[in-house]
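here is a sequence together with a model predicted from it:
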Amino acid sequence: LAGFLSQYWGRRAVLSLGMTYYALLNVCAAFPWLWETQWFPVTYLLLSPSLIAVSAVGFLSMAMRISWTQALGTVFTTYTALSNVSAVIGKQSVRFLHESLGYEPSFRVAAAMSMLPLLLLPLIRPSQVDDAASFDDAINDLNLTCRELQSIRPTAEDEAAAGEAESIDPAD
């Protein structure tokens, strides 16, 4: 679903919506009276992983978009490894936050942390990658043209035959 939405609405929009709604969900979770209701804990348990998944798909889609095609496999592996390491570090830090700050402030910190990518998102410009790729393509085309020209360079035999052809006077 998130991949389809990324194609339909755009990668940046899906990533922004997922992270924004996840941050809002964590802000709401900081209010203890909501946990006393029956609907909020169920809603939180359903929406939290869903919004994280939507954000992760938006992130990976954006990351693949700004990567060069020659390195997509390596880049995808690196991004998924980074995502997994971040998930482990995040889950371990929740325990630390809960023990040191308490229950409600840990949700506030989670909300603030989920807003950080949104602050950096405007700095990502896929057009820069397109410009760099166009430049690389032009350089590769130029190199190919130079190699083609070198491959059709006349050999010594060709030059000797051309010299003989020039020595024959067509007027004779």
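On my side now, so go ahead.

pretty sure Y21 is touching L51, no?
Yes. Counting by C-beta atoms under 8 Å, L51 is a contact partner of Y21 at 5.3 Å. C-beta: built from backbone N, CA, C; applies to glycine.

what does stretch 114-123 rub up against?
With contact meaning C-beta atoms under 8 Å, 6 or more residues apart in numbering, stretch 114-123 is reached by R12, L15, S16, M19, T20, Y22, A23, N26, S55, F59.

of these, which belong to helices?
Residues of these located in helices (DSSP state H): R12, L15, S16, M19, T20, Y22, A23, N26, S55, F59.

closest to A81 among those residues?
Closest approach to A81 among the ones in helices among the contacts of stretch 114-123 (C-beta to C-beta): F59, at 13.3 Å.

so what's that closest one closest to, chain neighbours aside?
L15 (5.7 Å; C-beta to C-beta, 6 or more residues apart in numbering).

from what I can see the one you found touches A53, true?
No. With contact defined as C-beta under 8 Å, L15 does not count as touching A53 (11.9 Å).

who has more neighbours, these two?
Remark: of L15 and A53, L15 carries more neighbours, 26 against 13, as counted by other C-beta atoms under 10 Å.

so what's that one up against?
L15 neighbours (C-beta under 8 Å, 6+ apart): S55, G58, F59, S61, M62, P117, L121.

mind checking the SS state of the last one?
Using DSSP: H, G, I helix; E, B strand; the rest coil as the criterion, the local structure at L121 reads helix.

buried sites along stretch 13-28?
Residues 14-19, 21-23, 25-28 are the ones in stretch 13-28 that count as buried (16 or more other C-beta atoms under 10 Å).

from the residues you listed, which is closest to S106?
Taking those together and measuring to S106 by C-beta to C-beta, the closest member is N26, at 9.2 Å.

I figured the closest one hits A111, correct?
Yes. Counting by C-beta under 8 Å, N26 touches A111, with 3.8 Å between them.

low pLDDT regions in this protein?
3, 68-72, 126-172 (pLDDT under 70).

returning to that earlier point: identify, from the buried residues of stretch 13-28, the entry nearest to T77.
L15 (20.1 Å).

domain ranges for this structure?
2-124, 125-172 (automatic domain parsing).

neighbours of M62, how many?
20.

enumerate every residue touching it.
Neighbours of M62 in contact, by C-beta under 8 Å, 6+ apart: R11, R12, L15, I124, P126.
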